[in-house]
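# quick one: sequence plus predicted model below, questions after.
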Amino acid sequence: MKTIFEHIKTVQAKPHHIRKRVAFTTAGAVAGLIAVVWLVGSVSTGVFALKPTSFAQSTEGPAVTVVGENDTGSAGLAGAAAAPAVQDANAPAHIDIVDVAATSSPQAQQTTIPF
């Protein structure tokens, strides 16, 4: 049985294309071994298992609330900031669409990107 040092000396005496093949085969075998150990460890700990979610439960109920201009609810930035504070923590998720009249027309500005 050869020691690792004797095997390395034997490989060093071979032509370049043989040494290259041995190097790539060894690197591939080590990478494959690491991948198999990682995969077995991940599967055994349940990392790849699908966990049940409550997404279906959280989307039940009304999904969209529309607030018009004539509503007496809170409006503007203060109303948007206060919205999470007044909502029930157990309420289903929803999207609020707020219609707001534009106060001024947007002006196009040129953007300069320095390099």
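Right, received. Where do you want to start? All of these numbers come straight from a predicted model, not from anything done at the bench.

# please make it C-alpha for all contacts and neighbour counts, starting now.
OK.

# can you pull out the strands in the protein?
Residue ranges of the strands in the chain, as given by DSSP state E, are 64-67, 95-98.

# comparing those by mean pLDDT, which bottoms out?
Among the strands of the chain, strand 64-67 has the lowest mean pLDDT, at a mean of 55.

# can you give me the helices in this protein?
In the chain, the helices defined using DSSP state H lie at 4-12, 16-45, 55-58, 76-86.

# now do the buried residues in the first one.
It stands for helix 4-12. Val11 (16 or more other C-alpha atoms under 10 Å).

# contacts for it, please.
Ile18, Arg19 (C-alpha atoms under 8 Å, 6 or more residues apart in numbering).

# do that again at 6 Å, thanks
Under the contact criterion C-alpha atoms under 6 Å, 6 or more residues apart in numbering, helix 4-12 has no outside partners.

# quick check: mean pLDDT of that helix?
90.

# now the angle from that helix to helix 16-45?
Here the directions of helix 4-12 and helix 16-45 differ by 130 degrees (axes from the mean of the first three to the mean of the last three C-alpha atoms, to 10 degrees).
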